[in-house]
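A.B. asks: Pasted the sequence and its predicted model underneath.
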Amino acid sequence: MPPRFRPVFLFGLTGMLAGCSMPKAAYRQVDHETPAFKAAVAQETEHQQAAGKSKAAAEKIATNKTDARFAQNEKDRRLALTAPLIQAMEALEKPRGCWAYTVTTTVRQDGQLTLTDVVRYDPFQPEEKIWTLVSRNGAAPDEVTQADFRAKRLKAWHKDLERQAKARLTDSELVRWNALSTQFEAPVTTPDSATTFTFHREPVKMLGLADIPPSDETFTVDHATLVRRTSAFTNPGSALAGTMTMDYEDSALDYAVIDPAVSPFVVKRVAHWRIRFLGKDSGAMERVEVYTDYHRVKCYDDRFETRIGTPNVMEFAPN
């Protein structure tokens, strides 16, 4: 399957680092200066004083109880608003079986085309042949190029699977975390019934390690189905004590329903970035991946199923 969504470079750690560094989840950041909060505290203070508490104790208890109640109300509100999105993300995590596809990747640097790869993924094949380079820059590969490609792609694929297995949170759990912990805009629904959810992540500063800028992430859901996901840093950033700097980075994934019986598949991924590392400038980079020709196949491990049934006379007859 196509890799799990993540930004291009080190800055993909944003969500995890933000979760570790934020002192308080956004839904817990209750504004004590609003008229509604003050009125609720006053009412609860009267109740506590009537129960025999001193004025000071009553005010403290009332403030804490009201803060907890307002935070719980905000938590419930956020989860209710994002329920369709969380449901759509959970659907993506359900097993689909084995599917083959072709991905065409183009890479441009400063507007100039530098690479065009057409690659076939086929889980019907044994692992060493699960990836096939169909063509590179319009030419079919020779045996040496194919073998080298397969070895490197298989290694990278295994690393990606390991990262997914070790991830502390699934994508749906990350969305739930975003809903509760980030600055979350109320969903915007367009006339065609698609709904966009937007999360704003705060910047993260880690002394001597990284200065990760704020970022925006959006999800578009249509009839409980995810159709688009984007991520973009809104300012430049740096890492590794300033030896790596990022001018910009953004990514977008488009999804489509291939088979109504299973969740949608990635059909396009676009990423833009500009990174400077140890004085070397990547230039303005663009990577576009287009996924086509999805079709269900028998998994390689299922090709050799043996079914034991009742033998018949013909099975024992000589040739």
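C.D. replies: Yes, it's here. Numbering: from 1, shown residues only.
A.B. asks: correct me, but residue 130 touches residue 120?
C.D. replies: No: at 9.2 Å, residue 130 and residue 120 do not qualify as touching, with contact defined as Cβ atoms under 8 Å. For glycine as for every other residue, the C-beta is placed from the backbone atoms N, C-alpha and C.
A.B. asks: Next one: residue 218 from residue 229, what distance?
C.D. replies: 7 Å (Cβ to Cβ, to the nearest Å).
A.B. asks: Between the two, point out the one with more neighbours.
C.D. replies: Between residue 218 and residue 229, counted using other Cβ atoms under 10 Å, residue 229 has the larger neighbour count: 23 against 16.
A.B. asks: List the contacts of whatever helix or strand the more buried one lives in.
C.D. replies: Using DSSP states H and E, residue 229 falls within strand 225-233. By Cβ atoms under 8 Å, 6 or more residues apart in numbering, the residues outside strand 225-233 that reach it are 5, 7, 11, 14, 85, 88-89, 91-92, 194, 212-221, 246, 248-257, 263-264.
A.B. asks: Report the next helix or strand after it in sequence order.
C.D. replies: Using DSSP H and E, the first helix or strand after strand 225-233 is strand 237-239.
A.B. asks: ranges for the strands of the stretch 151-300 of the chain?
C.D. replies: Along the stretch 151-300 of the chain, the segments classed as strands by DSSP state E, counting those that start in this stretch run 183-184, 188-189, 194-201, 204-206, 210-212, 215-222, 225-233, 237-239, 244-256, 265-277, 280-281, 285-296.
A.B. asks: how about those in JSON lines, adding mean pLDDT and distance to residue 147?
C.D. replies: Output for the strands of the stretch 151-300 of the chain, formatted as JSON lines (pLDDT from 0 to 100; distance: least, Cβ to Cβ, whole Å):
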{"stretch": "strand 183-184", "mean pLDDT": "89", "distance to residue 147": "48"}
{"stretch": "strand 188-189", "mean pLDDT": "90", "distance to residue 147": "50"}
{"stretch": "strand 194-201", "mean pLDDT": "94", "distance to residue 147": "42"}
{"stretch": "strand 204-206", "mean pLDDT": "82", "distance to residue 147": "41"}
{"stretch": "strand 210-212", "mean pLDDT": "85", "distance to residue 147": "38"}
{"stretch": "strand 215-222", "mean pLDDT": "95", "distance to residue 147": "39"}
{"stretch": "strand 225-233", "mean pLDDT": "95", "distance to residue 147": "35"}
{"stretch": "strand 237-239", "mean pLDDT": "87", "distance to residue 147": "35"}
{"stretch": "strand 244-256", "mean pLDDT": "94", "distance to residue 147": "31"}
{"stretch": "strand 265-277", "mean pLDDT": "95", "distance to residue 147": "27"}
{"stretch": "strand 280-281", "mean pLDDT": "92", "distance to residue 147": "30"}
{"stretch": "strand 285-296", "mean pLDDT": "96", "distance to residue 147": "23"}
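A.B. asks: Many thanks, we can stop here.
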